[in-house]
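# got a predicted model here, sequence first, then my questions.
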Amino acid sequence: MIFQIGPGLGTLLFDLLTAEESSDRRRVFDIPLLASRLVRTTQWALAEPETRALPLGYFGASTGAAAALHAAAVMGETVGAVVSRGGRPDLAAGHLSDVRAPTLLIVGGRDAEVLELNRQAARMLRCEHRLVVVDGADHLFSQEGALEEVARLASGWLLEHLGTPARRLAAAGG
């Protein structure tokens, strides 16, 4: 499903697993499968007239963040930015050094295990990256204001690295 946010900016929201597949917990951790589906979806978006000229960024949570980073490594310069929210980038460890897209890792301050895994993954990244800890937030960012802070951080990162529609038009001479 494509959501139009404004001229030249939209989002594509989809599940990487079917409802039947998601009942098998092992599939949730099948990062190569998830990444391959994201790569195919990206290729589809690049072929569609409505989306092919738009800059492309990934936002993934939990194991979806590992899939986003793996797919970003495969897609190279096509992906302009990646945001991981409470993600498990460590599950894409074999691909992290190949990621070229600027990457933002957002982790809850009360999610100690995932925070350490993100710190380890950040050391493997060779691209521009930043690790931001949302103080007081748990893994799901269920505390009051935590998801709003994630949204602020993520949108700021994506707009900075993908450009606002007005800035892209100006750069294109429009």
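Yes, it's here. Numbers count the residues shown, from 1 in each chain.

# nearest residue to the middle of the protein?
residue 59 (2.5 Å; C-alpha atoms, centre = their mean).

# that's a strand at it, yeah?
Yes: under DSSP: H, G, I helix; E, B strand; the rest coil, residue 59 sits within a strand.

# how many other residues sit next to the closest residue to it other than its chain neighbours?
Closest residue in space to residue 59, ignoring its immediate chain neighbours: residue 83 at 4.6 Å, by C-beta to C-beta, 6 or more residues apart in numbering. No exception for glycine: its C-beta is placed from N, CA and C like everyone else's. Using other C-beta atoms under 10 Å, the number of residues around residue 83 comes to 26.

# confirm residue 83 sits in a strand?
Yes: when three-state DSSP is applied, residue 83 is found to be in a strand.

# I'd say it and residue 58 touch.
Yes: contact criterion C-beta atoms under 8 Å: residue 83 and residue 58 qualify, at 7.2 Å.

# just to revisit the earlier point, so what's the residue nearest to the centre of the chain up against?
Applying C-beta atoms under 8 Å, 6 or more residues apart in numbering to residue 59 gives the contacts 68, 82-83, 85, 154, 158.

# check what pLDDT the closest residue to residue 163 other than its chain neighbours gets.
Distance criterion C-beta to C-beta, 6+ apart; nearest residue to residue 163, sequence neighbours excluded, is residue 55 at 6.3 Å. At residue 55, the model reports a pLDDT of 91.

# now do residue 166
Value listed for residue 166 in the pLDDT field: 52.

# show me the beta-bridge partners of the residue nearest to residue 59.
residue 59, residue 104 (DSSP bridges).

# start and end of stretch 80-91, how far apart?
Start to finish, the residues bounding stretch 80-91 are 21 Å apart (C-alpha to C-alpha, to the nearest Å).

# how about stretch 53-69?
Start to finish, the residues bounding stretch 53-69 are 22 Å apart (C-alpha to C-alpha).

# buried residues in that stretch?
Neighbour-count burial for stretch 53-69, counted by 16 or more other C-beta atoms under 10 Å, picks out 54-69.
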